[in-house]
Every structure is written in structure tokens, then in C-alpha cells.
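Undergrad: build the 3D model from these lines:
(chains A and B)
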Amino acid sequence: MKYEDFGDNDSLEILKKSGGNILLTSIDNLLNWGRSNSVWPLTFATSCCGIEMMAAGAARHDFARFGIEVYRATPRQADVIVVAGTIVHKMAPILKRLYDEMADPKYVIAMGACAVSGGPFYYNSYSVVRGVDHVIPVDVYIPGCPPRPEALLYGVMQLQRKIKGESLSDPRKVTNEDLL
Amino acid sequence: MYKQELTDLLKELFPEAEFPENTQLTEMVVTSEKLHYAAHLLKNNKNLAFNYLISLTAVDFKENMTVVYHLESTDYHHTMVLKTVLTNREHPAIDTVSDIWPTADPHECEVFDLFGIRFNNHPMLRRLFLNDDYGFPLRKDFRDEINIIER
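TA: Sure thing, here's the model as predicted:
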């Protein structure tokens, strides 16, 4: 997707870190180019969104074309955790631990209605976390129940755009205040 | 065995049990004291041979709690539903059937976990998913102000 085609969403440009000298911005550009085109997801799926994520990784949609590459089975090697599916209260500490074990810079995509807000389990449920942003800070939300693989691809591209706006002079910090 | 034949045979064997009409599967309601005996007979009777417990669950109807057993015979391919009604909501208890169908062991743990129904003589009755101090969330009178958003 061409850069101009993202016209429907200009809000990410606000996040772009500006300033710095020519040398630093050149390094930034190089670093961001490398990082954004080699985003390694963690193998983490808890329900039906996970099937859709597998479909996005398989031959028909093949999101390796967009630089979101091999699934890593360990959080130490992963850059992004795609929270695909319902998170229950019992799963929440494990998810938090997986996120903490990932090396910086790390990103989170909340995929599907359950991870965004609790979705169909928002009312009258004793066990479901109402949105994964209560546990870990989320970069990109992908609505849908479950989202189509194209939606996941679009979300990943939005994340790549976000990565391209980063800067070494003002590195990304995630604190607990970012949580809901 | 056809449904009517099965019902007739069951009526012969369990004269004191109730048989609800117009149900999809053959249903039989027994008292909780008779449950273990009934389950034993259903499995070991040569013409019934219900050797497979498909599912064991419970339903909360507010005034009572019903434990539901779905049974199948892999020899004759007939199915039936065995039900028993528990009126005591404070300390509901019933005999285990895990000595008859071993698959009932985890099912009964789950029913205990979510409904608080105790199973007498169960080999290891424990909570499967929830903490020990948690309530019984599938009961109709379960309330959790913090986690549940009511609608």
C-alpha cells in the first residue's frame, strides 16, 4: 500500500517525533525502515481470532509479503504480540508476563472484539477481561468478530507506519500509566 | 432400540421414576437417593447397556437445581437423558457416578466448580478452574459487583 493511500487516517502523523540533526534523522530512517519491515509476531492465540491470524499467515494471504514475518514461539525473539482472542482473568497474568518478557521495542495489536473491549462477553460475564488494554498497552486495535485477514494486514500496516514515526532522540517508553 | 421400546423397558425397570412426555430424547427423572442405583442398573442391564456417558452437567432453575446425564449405548446406539432434581440450594449433594463411568470424574469437578453441587464418594472433588474462595458463578443468585457488568 502506498503511503498516500493512508489518507483516511492522519492521526498517526501527530505521533511522528520531529527534530534532531541530519545525522540522527538519517539513522532514524534507516532504523525504522529495518524495524518496520521485520516485525516478528509471537505465537499467541486464544480463540477464533487465532484461526483468522493463521489464515493471514498462510499461503492465500501470506502476511510475510508485508514484512510481518515468522511466528516466534518465545517472547524473547518477538517484536509484536497479536492478542488474538478472549482474555479471561485467569489468563491475564500470563499475558502480562509474556509481554514483560519481550525485548524492547515491543508492540501490541489487539485483534478482534474480545481483545478490544470484551466484545460479546462485555455484559453478564464473570470471567472475561473487558479489553486487553487493562493489562498491557495496545498500539493498534483491529475491530471485528473475528476480523478478516485483510483487516489484520491493514492493522499491521498501521503499526508499521507507527514504527516509522519513531526517533532515537526520544525513545519509546511504555509505563503503567498508559493502561486504562 | 426405538424410543418407545426404550421407554417401556425403562418404565418396567423403574416404576417409581417420572417420564416427561414430548421430549426429543427419552427422559427419565429419578430422585437423588435413587440416582446411583439407577445409573448402575442402566449401565449393567444387558438390554440397556448405557456404557457411555456423553455429558454430565447441571441447570439452575432458581427453585431447584437439576443434574443432567446424557447416556448412550455404543452397543445398541440408543440414547437417553437421566435427570435428578436437587431442592436443597444451601448444601446440594448427590452421589457420584464416577465409579460407574470414569469420565464423570472431571465432569463432576466442573459441576462442583460452577454450581457448588457436592458429589458424595467422589475420589478427588476439587475446583477445576476457579479459586477456592470464589463463588459459584453459574448459579442464578451469583453476584459479583466488581467483574460483572449487568444488562
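Undergrad: from the contact counts, what lies against the helix or strand of chain A with the lowest mean pLDDT?
TA: Within chain A, no helix or strand scores below helix A:22-36, which has a mean of 84 by mean pLDDT, DSSP states H and E. When contacts are defined as 3 or more C-beta pairs under 8 Å, 6 or more residues apart in numbering or on different chains; DSSP states H and E, helix A:22-36 packs onto helix A:149-164. Every residue, glycine included, has its C-beta placed from N, CA and C.
Undergrad: neighbouring contacts of the helix it packs on?
TA: By C-beta atoms under 8 Å, 6 or more residues apart in numbering or on different chains, the list of residues contacting helix A:149-164 from outside reads A:1, A:6, A:9, A:12, A:15, A:32-33, A:35-37, A:39, A:52-53, A:55-56, A:60-61, A:63, A:66-68, A:80, A:82, A:105, A:107, A:109, A:111, A:139-144, A:147.
Undergrad: so which of those residues sit within helices?
TA: A:Asn32, A:Trp33, A:Arg35, A:Ser36, A:Glu52, A:Met53, A:Ala55, A:Ala56 (DSSP state H).
Undergrad: flag every residue of chain A that's near chain B.
TA: A:His89, A:Lys90, A:Tyr122, A:Tyr123, A:Asn124, A:Ser125, A:Tyr126, A:Ser127, A:Arg130 (C-beta under 8 Å from any C-beta of the partner chain).
Undergrad: let's see that with 7 Å instead.
TA: Proximity of chain A to chain B (C-beta under 7 Å from any C-beta of the partner chain) is limited to residues A:Lys90, A:Tyr122, A:Tyr123, A:Asn124, A:Ser125, A:Tyr126.
Undergrad: still on that earlier bit, just the buried residues of the contacts of helix A:149-164.
TA: A:32, A:35-36, A:39, A:52-53, A:55-56, A:61, A:63, A:66-68, A:80, A:82, A:107, A:109, A:111, A:139-142, A:144, A:147 (16 or more other C-beta atoms under 10 Å in any protein chain shown).
Undergrad: can you say which of the residues of chain A next to chain B are buried?
TA: Using 16+ other C-beta under 10 Å as the burial test, the residues of chain A next to chain B include A:Ser125, A:Tyr126 as buried.
Undergrad: and the furthest pair within the residues of chain A next to chain B?
TA: Greatest spacing in these, by C-beta to C-beta: A:Lys90 and A:Tyr123 (19.8 Å).
Undergrad: so where's chain A shaky on pLDDT?
TA: Confidence mapping of chain A against pLDDT under 70 gives the ranges A:1-20, A:175-180.
Undergrad: just how off-centre is stretch B:71-90 within its chain?
TA: Stretch B:71-90 sits 6 Å away from the centroid of its parent chain (C-alpha atoms, centre = their mean, to the nearest Å).
Undergrad: sorry, back to before: closest to B:Val67 out of the ones in helices among the contacts of helix A:149-164?
TA: B:Val67 lies nearest to A:Glu52 out of these, by C-beta to C-beta, at 37.5 Å.
Undergrad: residues contacting the closest one?
TA: The contact partners of A:Glu52, by C-beta atoms under 7 Å, 6 or more residues apart in numbering or on different chains, come to A:Pro146, A:Pro147, A:Pro149, A:Leu152.
Undergrad: distance-wise, check the second one relative to A:Ala55.
TA: Taking C-beta to C-beta, to the nearest Å as the criterion, A:Pro147 is separated from A:Ala55 by 11 Å.
Undergrad: same check on the last one?
TA: Separation of A:Leu152 from A:Ala55 (C-beta to C-beta): 9 Å.
Undergrad: give the contact list for residue 96.
TA: Picked chain A for this. Counting by C-beta under 7 Å, 6+ apart, A:Lys96 makes contact with A:Val135, A:Ile136.
Undergrad: you answered for a different chain; I wanted chain B.
TA: B:Ala104, B:Glu108, B:Phe119, B:Asn120, B:Asn121, B:His122.
Undergrad: do B:Phe129 as well
TA: A:Lys90, B:Asp113.
Undergrad: and if we set it to 8 Å?
TA: Residues in contact with B:Phe129 (C-beta under 8 Å, 6+ apart) are A:Lys90, B:Glu110, B:Asp113.
Undergrad: show me what from chain B comes close to chain A.
TA: Applying C-beta under 8 Å from any C-beta, we find that chain B lies next to chain A at B:Phe129, B:Pro137, B:Phe142, B:Asp144, B:Asn147, B:Ile148, B:Ile149, B:Glu150, B:Arg151.
Undergrad: the second one touches B:Asp144, doesn't it?
TA: This points to B:Pro137. Yes - counting by C-beta atoms under 8 Å, B:Pro137 touches B:Asp144, with 7.4 Å between them.
Undergrad: buried residues, the lowest-mean-pLDDT helix or strand in chain B. List them.
TA: Every helix and strand of chain B was ranked by mean pLDDT, DSSP H and E. The lowest is helix B:3-13, at a mean of 87. By 16+ other C-beta under 10 Å, the buried positions in helix B:3-13 come out as B:Leu6, B:Thr7, B:Leu10.
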